[in-house]
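Participant: any chance you can model this:
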Amino acid sequence: MPKTLLSTINSPNDLKRLPQEQLPQLAQEIRDFIITIVATKEGHLGASLGVVELTIALHYVYKTPIDNLIWDVGHQAYGHKILTGRKDVFETNRQLNGISGFPKIDESIYDAFGTGHSSTSISAILGMAIAAQIKGNVQKNHIAVIGDASIASGMAFEGLNHAGVTNANVLIILNDNAIGIDPSVGALKKYLTNVKKGTAKDENIFECLNFNYTGPIDGHNINDLIKELKRLQNIKGPKLLHVITTKGKGLKQAEENQVTYHAPGKFNKTTGDLIPKKNTVQAPKYQDVFGHTIVELALNNKNIVGITPAMPTGSSLKYMMEKIPDRAFDVGIAEQHAVTLAAGMVKEGLIPFCNIYSTFLQRAYDQVIHDVALQKLPVIFCLDRAGLVGQDGVTHHGIYDIAFLRCIPNLIIFAPLNEIELRNIMYTAQLGLKQPIAIRYPRGRGENVDWKKRFKKINIVSSQELKKGTKIAIISTGTIGNLVTKVINDLDSNTEIGHYNMPFIKPLDTNRLRTICVNYEAIITIEDGCISGGFGSAISEFVLDNKYKNTIKILGIPDVFIEHGSLEELHKIAKIDYQTIKKSINELRLS
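Facilitator: Numbers count the residues shown, from 1 in each chain. The predicted model follows:
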């Protein structure tokens with residue numbers, strides 16, 4: 001096998017030794033390397049393929065890691081990781097104990113800042129640049145690469161607004177490919193499209209914000225990139241370089257179908273064709289249950305609207321956007337806006353289903369409190385990706401929502417046992433509530449192939465006795481209750497064990513809890529969320545407040561950050577897996 005250029009590179013210093021005319025060959029080798037690994041190991045694909053030349057140029061020109069470089073969002077950072085000493089372990093990307101799918105400061109000195117969520121880079125890089133000024137290091141460079149979808153977020157504008165009145169040595173590189181995970185939306189996208197066409201109005205928005213603006217330039221022309229980056233090194237103050245790239249560059253299918261090939265799963269590395277999944281009948285994904293159900297409900301209720309911050313495909317609101325486009329809104333990466341937009345719609349008589357990933361709702365916490373709950377406006381929050389999510393890892397695990405929402409007055413929290421219960425709570429909520437509700441459900445598939453049952457209204461603050469017992473009561477909330485059922489059914493003798501599904505986390509079914517406390521010696525609670533302040537804590541508070549003497553064991557996510565891996569691996573680490581549940585039951589049996 002002939003020696004490749006990539007095989008000789010283990011750091012940016014190795015890269016700098018290459019003649020500039022060899023860099024296009026290196027770009028092709030990096031693309032081939034990314035495609036080969038992701039084809040079998042899975043992961044994010046299109047974003048990193050689109051910035052290969054830009055990645056090379058940045059490390060070729062700047063003195064990383066002395067110069068700070070931030071990638072926003074970290075989907076773009078595969079090439080960066082490969083060039084900064086992680087090539088030989090890249091096949092462990094997103095695997096348990098392997099490298100992260102996103103930049104991570106404790107993984108490499110070349111990762112200046114962790115970026116699993118979007119739109120943080122400008123604030124972070126400005127903070128670093130101001131710190132360098134204060135310390136007298138005016139020669140140090142600070143670069144943030146941010147996509148056109150991420151830069152439309154409010155936090156990114158806040159960073160731009162501040163940077164423009166400083167003389168900080170900051171370079172913002174706008175990677176403009178007209179797509180995030182789904183196509184970019186909004187007025188800024190239209191403006192950038194006009195800039196590319198040369199039809200924008202005379203005033204440049206970035207120059208108006210006091211940035212030294214250059215571009216747009218071809219982000220796949222290494223020579224042009226290097227020339228411009230070297231020029232910008234000698235210009236002081238805030239700068240913005242507008243770069244045009246193609247997401248998925250170098251793989252035909254990824255260029256043509258950018259949404260699917262953002263994270264395509266397994267595919268043929270030669271043809272690019274997706275590997276077909278086994279043709280077996282499966283239960284639906286929870287996101288699709290939401291997506292099809294909201295359409296079904298909205299066709300019969302003209303006041304229903306759907307809102308998502310930049311995740312129409314991931315949330316499956318795309319079905320409503322296709323069938324009822326005037327009542328379904330992708331507001332871009334703007335979670336705070338999404339929540340308060342929904343509040344405004346409620347005030348005028350609409351029924352908004354605001355679909356936000358659990359971890360992304362963290363970004364709109366004040367809006368949930370101040371704009372929704374405080375005013376008792378019945379927004380219906382649908383929190384997708386609640387619980388551990390697997391290989392996206394620590395930045396995307398939706399394990400804090402129970403704890404951070406449970407302390408908010410006026411808010412109902414509901415975790416369905418299965419997709420039928422998800423449909424029914426959506427139906428119930430749109431019939432009319434007097435307060436907001438958060439419905440949390442996980443990534444992945446449900447339990448029932450035959451899930452499109454006739455709608456049934458759910459009584460607020462209800463629960464179900466799934467199995468009667470005599471000594472130990474297991475109280476579960478959410479879909480993890482299905483695992484509990486399996487464990488109980490597999491026990492040699494289970495007459496002592498009772499099982500209760502408590503989907504209402506707030507308010508609790510206190511009548512049911514009193515019955516449980518009186519009739520059982522011990523209680524096990526289990527949830528796919530953090531123990532601190534979570535569902536089990538709520539049960540413990542009830543038992544303590546009412547002076548019951550039951551032994552309580554809480555199973556949930558411990559007070560540590562859980563890294564990336566398969567769901568099975570992470571459940572075992574978090575001790576909410578089959579064996580731990582079984583062991584907890586047996587220990588209480590013997591006590």
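
Participant: and residue 368, how far is that from residue 428?
Facilitator: From residue 368 across to residue 428, the span is 20 Å (Cβ to Cβ, to the nearest Å). Placement of C-beta: from N, CA and C, glycine included.

Participant: could you check which of those two is surrounded by more residues?
Facilitator: Shown here are residue 368 and residue 428; by other Cβ atoms under 10 Å, residue 368 has more neighbours (27 against 19).

Participant: wait, doesn't the more buried one sit right on residue 408?
Facilitator: Yes. Shown here, residue 368 and residue 408 form a contact pair, counting by Cβ atoms under 8 Å, at 6.7 Å.

Participant: surely residue 424 is within a helix?
Facilitator: Yes. Checked against DSSP: H, G, I helix; E, B strand; the rest coil, residue 424 lies within a helix.

Participant: tell me how far it lies from residue 338.
Facilitator: 25 Å.

Participant: neighbour count winner among those two?
Facilitator: The residue with more neighbours, out of residue 424 and residue 338, is residue 338; 29 against 19, by other Cβ under 10 Å.

Participant: leaving out the residues flanking it, which one is nearest to that one?
Facilitator: The shortest distance from residue 338 to any non-neighbouring residue, by Cβ to Cβ, 6 or more residues apart in numbering, is to residue 309 (4.5 Å).

Participant: go on, residue 172?
Facilitator: In space, residue 172 is closest to residue 240, 4.6 Å off (Cβ to Cβ, 6+ apart).

Participant: surely that neighbour and residue 175 touch.
Facilitator: No. Using Cβ under 8 Å, residue 240 makes no contact with residue 175, being 11.6 Å away.

Participant: so which elements touch the longest strand seen in the chain?
Facilitator: Longest strand of the chain, by residue count under DSSP state E: strand 522-530. When contacts are defined as 3 or more Cβ pairs under 8 Å, 6 or more residues apart in numbering; DSSP states H and E, strand 522-530 sits against helix 401-406, strand 472-476, helix 535-545, strand 551-557, helix 578-590.

Participant: and of these, who's closest to residue 350?
Facilitator: Evaluated over the helices and strands packed on strand 522-530, closeness to residue 350 peaks at helix 401-406, with 22.3 Å, by Cβ to Cβ.

Participant: work out the gap between the closest one and the centre of the chain.
Facilitator: 17 Å (Cα atoms, centre = their mean, to the nearest Å).

Participant: helices and strands around that helix, which ones?
Facilitator: strand 412-414, strand 437-440, strand 504-506, strand 522-530, helix 535-545.

Participant: and the fourth one with helix 535-545, angle?
Facilitator: It refers to strand 522-530. Between strand 522-530 and helix 535-545, the angle comes out at 140 degrees (axes from the mean of the first three to the mean of the last three Cα atoms, to 10 degrees).

Participant: one step back: and the helices and strands packed on strand 522-530 as CSV, adding distance to residue 380 and mean neighbour count?
Facilitator: As requested, the helices and strands packed on strand 522-530 are exported to CSV (distance: least, Cβ to Cβ, whole Å; neighbours: other Cβ atoms under 10 Å):
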stretch, distance to residue 380, mean neighbour count
helix 401-406, 14, 23
strand 472-476, 23, 27
helix 535-545, 20, 18
strand 551-557, 25, 20
helix 578-590, 31, 15
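
Participant: re the thing from before, of all the helices and strands packed on helix 401-406, which lies closest to residue 574?
Facilitator: With Cβ to Cβ as the criterion, residue 574 lies closest to strand 522-530 of those, at 8.6 Å.

Participant: average model confidence for that closest one?
Facilitator: Mean per-residue pLDDT for strand 522-530: 98.

Participant: export it as CSV, just CAs?
Facilitator: Extracted C-alpha coordinates of strand 522-530, given in CSV (Å, rounded to 0.1, in the frame of the first residue of the first chain):
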residue,chain,number,x,y,z
ALA,A,522,-41.0,-1.2,50.7
ILE,A,523,-41.1,1.1,47.6
ILE,A,524,-38.7,1.2,44.6
THR,A,525,-39.0,4.2,42.3
ILE,A,526,-37.5,4.2,38.9
GLU,A,527,-37.1,6.9,36.3
ASP,A,528,-35.0,7.7,33.2
GLY,A,529,-33.9,11.0,34.7
CYS,A,530,-31.6,12.4,37.4
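
Participant: which residues does the residue nearest to residue 338 contact?
Facilitator: Neighbouring residues of residue 309 by Cβ atoms under 8 Å, 6 or more residues apart in numbering: 330, 331, 332, 333, 334, 335, 337, 338, 356, 360.

Participant: and if you look at residue 189?
Facilitator: Going by Cβ under 8 Å, 6+ apart, residue 189 touches 148, 152, 178.

Participant: going by distance to residue 420, which of the residues you listed wins?
Facilitator: Proximity of the contacts of residue 189 to residue 420 was ranked by Cβ to Cβ; the top entry is residue 152 with 37.5 Å.

Participant: my guess is that closest one meets residue 334, correct?
Facilitator: Yes. Under the criterion of Cβ under 8 Å, residue 152 makes contact with residue 334 at 7.3 Å.

Participant: who has more neighbours out of the two?
Facilitator: Higher neighbour count among residue 152 and residue 334: residue 152, with 26 against 22, using other Cβ under 10 Å.

Participant: look up how far residue 534 lies from residue 422.
Facilitator: 20 Å.

Participant: what sits closest to residue 343 if chain neighbours are left out?
Facilitator: residue 371 is the one closest to residue 343 (Cβ to Cβ, 6+ apart), at 4.5 Å.

Participant: burial of that neighbour, as a residue count?
Facilitator: Using other Cβ under 10 Å, residue 371 has 21 neighbouring residues.

Participant: which residues does it contact?
Facilitator: 339, 340, 343, 377 are the contacts of residue 371 under Cβ under 8 Å, 6+ apart.

Participant: so residue 474 bridges to which residues?
Facilitator: Per DSSP bridges, the residues bridged to residue 474 are residue 499, residue 524.

Participant: so it touches residue 484, yeah?
Facilitator: Yes. Using Cβ under 8 Å, residue 474 is in contact with residue 484, at 5.5 Å.

Participant: list residues touching both of the two?
Facilitator: 499, 526, 581.

Participant: quick one: which of the residues you listed is nearest residue 288?
Facilitator: Of all the shared contacts of residue 474 and residue 484, residue 288 sits closest to residue 526, with 25.8 Å by Cβ to Cβ.

Participant: could you report the neighbour count for that closest one?
Facilitator: Applying other Cβ under 10 Å, I find that residue 526 has 25 neighbouring residues.

Participant: gap between it and residue 570?
Facilitator: 15 Å.

Participant: residues in contact with residue 41?
Facilitator: Residues counted as contacts of residue 41 (Cβ under 8 Å, 6+ apart) are 91, 93, 94, 95.
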